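*Asks:* Show me how the following folds:
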Amino acid sequence: MFTLGAERIHTGLTVELCQDPATWTAAVLAVGGNLFHTWHWGEYRQTQHWRPWRVLVREDGRPQAVLQLLEFRRAFLPLPIFYGPSGIAGALDPNTLAELASWLKAFLHSQHGICLRIDPPILQSDVGGQRILVDAGFRALPRQWLPLFSDIQRSVMVLDLSRPEAELLAHMRTSHRRYIRHASEKNLRFESGIGEQQLSAFYGLVSDTAAAKGFVPPDLGLLRQLIEKVLRPGLGTVLVARHEDTPISALMVAGFGTTAYLLYAGSDAKQRSLNANEPLEWMAIQWAKSQGCREYDMGGIGTLQIPQQGDPYHGLYYFKLGFGAEYRALAGYFDLVNNSAAYQMHRFLELKGAKIAYRMLARLRSMRAGLTRRQMGG
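*Replies:* The predicted structure is shown next:
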């Protein structure tokens, strides 16, 4: 069994598995970690059969880096795989990172793990940042879409929140600004909360949007867990737009440290002419600023590259671009391999079966969502 105590990896530097929420939260803040490094996110992911392990690196007692490991071990998967959402937070020099990688490999060996996968927020253009990970022993994967594994999307739109609200509005597309300022004239009502009323409206709209777009709709039980484990402690909220008491647009936003994230969003396509999505996103932006966030990650755009006019996801990209968000292509996944033979099999099954499994899950979740909504009276 791997030791839970601090282990010195060189003079003044120690690595330990943290078991105290307050200590972990303070460390994540100190090293600039984000939502996916938080204790709350690990507890939420545990409801999906991912066991969290919190790796804390200290130098002379001060936090230097954190990495949240999520272990997936089920009866049909005799050897576990590990995932580190958003990678290692903190500043480590190449030599220290290599020593941490050796510690992580020893940990994987102790748990009979196949590999550890991380998806750090390194830009695709940052060749140097990628090289440091590769030199430390990680394998860079092709920039693939592996939807069943990752919390982090590969191509995202990010809005800089450092400017005052007036400047943010001034830098928006003219139509976005107009829809925000004249929302009250269209008899639109907006609300924020995490109660059953907001959840019911949110779930219905997101499920319908997922079905229409071919995405996997969120599971209602998991949404309840997300609210309880992450939003209720104060890390997020659900926003709903209504027209004459009918919900027509909804989203879920959460944040920690300097970054807020759009987790889910959905709207009634038949009510698109009311333009409720723009003012609702503006509410999310205001919420993120109120939490002290300096960036708002508005999520992906449905593809791994900027869609051109006429492409299926160009509308989504154009909508987010209208707020002044910039496109960021992230480098993708990096694997630290412990068991080479099992890893090759894992990769083979992953590449062959990921899209098939995703389509099956989307179909099953859509059927379940329809049944759940009928039971809820929606």
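*Asks:* tell me the mean pLDDT for stretch 108-116?
*Replies:* Confidence for stretch 108-116, expressed as mean pLDDT, is 96.
*Asks:* Mind listing what's buried along that stretch?
*Replies:* For stretch 108-116, the neighbour count (16 or more other CB atoms under 10 Å) marks 108, 111, 113-116 as buried. For the C-beta atoms, the positions are set from N, CA and C on the backbone; glycine is no exception.
*Asks:* so how many other residues sit close to Leu304?
*Replies:* 16 (other CB atoms under 10 Å).
*Asks:* quick one, phi/psi of it?
*Replies:* For Leu304, the backbone dihedrals (degrees, to the nearest 10) come out as phi -90, psi 10.
*Asks:* Need the max-distance pair from the buried residues of stretch 108-116.
*Replies:* Gln111 and Cys115 (11.3 Å; CB to CB).
*Asks:* In this protein, what helix or strand scores lowest on average pLDDT?
*Replies:* strand 7-10 (a mean of 65; mean pLDDT, DSSP states H and E).
*Asks:* so what sits against both of Gln111 and Cys115?
*Replies:* The contact sets of Gln111 and Cys115 overlap at Phe82 (CB atoms under 8 Å, 6 or more residues apart in numbering).
*Asks:* ok, His176 to Trp287 distance?
*Replies:* 17 Å (CB to CB, to the nearest Å).
*Asks:* neighbour-wise, which of those two wins?
*Replies:* Ranked by neighbour count (other CB under 10 Å), His176 and Trp287 place His176 first, with 22 against 19.
*Asks:* In contact with the more buried one, which residues are there?
*Replies:* Counted by CB under 8 Å, 6+ apart, His176 has contacts 278, 322-323.
*Asks:* now those as JSON lines including neighbour count?
*Replies:* Output for the contacts of His176, formatted as JSON lines (neighbours: other CB atoms under 10 Å):
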{"residue": "Glu278", "neighbour count": "22"}
{"residue": "Gly322", "neighbour count": "17"}
{"residue": "Phe323", "neighbour count": "23"}
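*Asks:* Could you single out the nearest of those to Asp160?
*Replies:* Phe323 (10.4 Å).
*Asks:* re earlier: just the ones of the buried residues of stretch 108-116 in helices?
*Replies:* Applying DSSP state H to those, the entries found in helices are Leu108.
*Asks:* mind giving me the domain split of this protein?
*Replies:* For the chain, automatic domain parsing gives the domain ranges 7-144+331-338, 155-329.
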